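# Show me the folded form of this:
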Amino acid sequence: MKKHIYISKCIELIEDKLHWGSSADWIDYNFSELSEQIFTVSKVSISIRTLKRIFKSATSTDVYYEPQIATKNALAQFLNYNDWSHFIADNFESNEIRTHDSEVGPANKRNVFSTLSFQPKIWIWVGACLLVIISVYSLSIKKSKFAFVTNNLIGPAPHNAAFSYDLSDINYKNAIIDFDCAGQFKPLISNKGELTFPYKTPNYYKVKLIVDGQILSSKNIDVVSDGWVSYVGNDDANAQVIHDKKLFTKNGALYFSPEEMKKINIDTNRAYWVDFRNIMNYHLDGDNLILELKLKNSKAIGGFDCFDTCIEYIGETGKGRYKFVRPGCTQYADTEFGDTQLTGNFHNLSSLGINLSNWTTIRIEVKNRNALVYVNKVLKYKTTYNTPIGNVHGFFCRFKGSGALDYFRIYNLHNKLVYHDEFNSGGN
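The predicted structure follows:
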């Protein structure tokens with residue numbers, strides 16, 4: 001439950017910084033003020049509703065809420081950290097070392113570490129013992145009998161998935177089911193039971209049964225869409241799935257204009273996201289494919305700030321993604337393929353900074369776990385990975401603001417068209 005401990009510590013530090021008393025006594029005004037202060041520091045908007053869910057999760061004994069990484073980064077930046085990783089490293093990973101140093105004192109540090117450095121055999125023996133203990137413990141859990149059964153594995157949104165579990169033969173301290181949905185998970189207070197969980201948004205979810213920090217079992221939930229749908233909102237509070245294609249199809253392109261946004265109560269004076277997605281079993285190898293599409297995203301058509309534009313697909317064992325931003329904003333660029341995840345904060349992703357103010361052709365070629373991205377036929381970036389992505393179950397195109405998608409085509413490695421949608425009269 002380390003994630004829960006991290007959130008609790010973060011909340012504690014925010015309470016100390018603000019001097020508003022216990023957050024349990026806060027009212028909407030307090031959360032509104034905090035939201036504004038976080039935005040001032042991080043330029044990330046966190047809704048009052050989301051903040052309430054985060055703060056409540058620190059003491060909840062029911063379903064906990066795990067924020068998205070962008071939200072956690074913003075909370076960390078409010079506390080003067082670079083990002084969430086920096087917050088964890090400073091408050092948890094190095095805490096033990098700092099405590100030990102303070103107890104030893106400067107005058108004794110050299111003697112302690114000098115003594116330890118001349119006892120390599122002891123360290124080898126201790127490490128071997130720990131490895132044996134961990135291995136025996138892991139095997140004892142894995143060899144124990146348990147059951148984790150999922151019903152309603154596939155269906156259109158909104159979709160209720162049913163779960164049953166039996167951990168009667170396992171000795172454990174804590175167990176949870178991670179629903180892979182906005183960080184929500186359920187602590188299992190009994191060793192046997194049944195429960196349901198509602199999935200309102202089309203996506204390919206990977207549910208996990210986690211016992212004492214180990215994933216004992218996982219199940220995939222395929223919440224399919226009827227062709228392309230749009231998932232839009234300023235934040236979690238007003239995010240909604242739009243199925244009526246007439247609202248976001250215009251002149252042979254997917255485009256959710258600011259005018260249409262206002263009609264569904266999206267505040268176009270604030271940053272908002274437009275997500276086009278098509279969720280189904282494509283029977284397509286995510287490690288060997290070619291994806292080509294034409295898009296644009298600019299202030300003239302309703303884009304925001306860095307005009308973040310993300311192309312992503314999800315497979316049974318991983319995902320592939322390139323996120324583009326305008327030049328000068330590449331600290332917000334990122335890429336993820338299989339086990340390789342790179343962000344602009346820590347890697348040079350300047351080549352993913354491109355001008356999308358005009359129609360731009362993006363082509364992603366993935367072959368034998370090498371992912372190349374071309375922009376207007378020019379190779380911009382290449383990444384490699386080891387863990388396979390597997391059979392594809394969904395494609396996404398996300399814009400910060402009202403970006404537009406002109407066409408979407410998928411080819412096999414022989415350059416044969418296997419799926420396409422020109423957004424005129426349905427996909428093929």
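# Where do the strands of the stretch 151-300 of the chain begin and end?
In the stretch 151-300 of the chain, strands defined by DSSP state E, counting those that start in this stretch lie at 154-156, 159-166, 175-178, 184-187, 192-199, 203-211, 214-224, 229-233, 240-242, 249-250, 253-255, 273-279, 288-296, listed in chain order.
# List the buried residues in the fourth one.
Which is strand 184-187. By neighbour count on 16 or more other Cβ atoms under 10 Å, the buried set for strand 184-187 is 184-186. C-betas here are computed from N, CA, C, even on glycine.
# between these, which is nearest residue 206?
Lowest distance from residue 206 to the buried residues of strand 184-187 (Cβ to Cβ) belongs to residue 185, with 12.5 Å.
# OK, contacts around the closest one?
Applying Cβ atoms under 8 Å, 6 or more residues apart in numbering to residue 185 gives the contacts 63-64, 66, 176-179, 210.
# Please report the distance of it from residue 12.
21 Å (Cβ to Cβ, to the nearest Å).
# same deal with residue 233?
If you measure residue 233 against residue 12 using Cβ to Cβ, the figure is 30 Å.
# Who has more neighbours out of those two?
Using other Cβ atoms under 10 Å as the criterion, residue 233 and residue 12 rank with residue 233 on top: 20 against 13.
# ok, for the most centrally placed residue in the chain, nearest residue in space, not its chain neighbours?
In the chain, the C-alpha closest to the average C-alpha coordinate belongs to residue 68, at a distance of 5.8 Å (Cα atoms, centre = their mean). With sequence-adjacent residues excluded and distances taken as Cβ to Cβ, 6 or more residues apart in numbering, residue 68 is closest to residue 183, at 6.9 Å.
# was I right about the one you found contacting residue 65?
Yes: taking Cβ atoms under 8 Å as the contact criterion, residue 183 and residue 65 are neighbours in contact, 5.6 Å apart.
# what about residue 26, neighbour count?
Applying other Cβ under 10 Å, I find that residue 26 has 19 neighbouring residues.
# show me what contacts it?
Neighbour list for residue 26: 20, 55 [criterion: Cβ under 8 Å, 6+ apart].
# Go again with 7 Å.
Neighbouring residues of residue 26 by Cβ atoms under 7 Å, 6 or more residues apart in numbering: residue 20.
# hmm, back to that, can you redo the strands of the stretch 151-300 of the chain as CSV with mean pLDDT and distance to residue 307?
Output for the strands of the stretch 151-300 of the chain, formatted as CSV (pLDDT from 0 to 100; distance: least, Cβ to Cβ, whole Å):
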stretch, mean pLDDT, distance to residue 307
strand 154-156, 93, 32
strand 159-166, 94, 33
strand 175-178, 90, 33
strand 184-187, 87, 30
strand 192-199, 93, 30
strand 203-211, 93, 24
strand 214-224, 92, 29
strand 229-233, 95, 16
strand 240-242, 94, 21
strand 249-250, 90, 19
strand 253-255, 96, 14
strand 273-279, 96, 12
strand 288-296, 97, 9
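# could I get the ones you listed as CSV with distance to residue 335?
Below are the strands of the stretch 151-300 of the chain laid out as CSV (distance: least, Cβ to Cβ, whole Å):
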stretch, distance to residue 335
strand 154-156, 29
strand 159-166, 30
strand 175-178, 24
strand 184-187, 27
strand 192-199, 27
strand 203-211, 20
strand 214-224, 24
strand 229-233, 22
strand 240-242, 26
strand 249-250, 29
strand 253-255, 23
strand 273-279, 18
strand 288-296, 14
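# out of the ones you listed, nearest to residue 36?
strand 229-233 (19.0 Å).
# The residue nearest to residue 68 touches residue 67, doesn't it?
Yes: the criterion here is Cβ atoms under 7 Å, and residue 183 meets it with residue 67 at 5.9 Å.
# Just give the closest residue to residue 250, not the sequence neighbours.
Nearest non-adjacent residue to residue 250 (Cβ to Cβ, 6+ apart): residue 257, at 7.0 Å.
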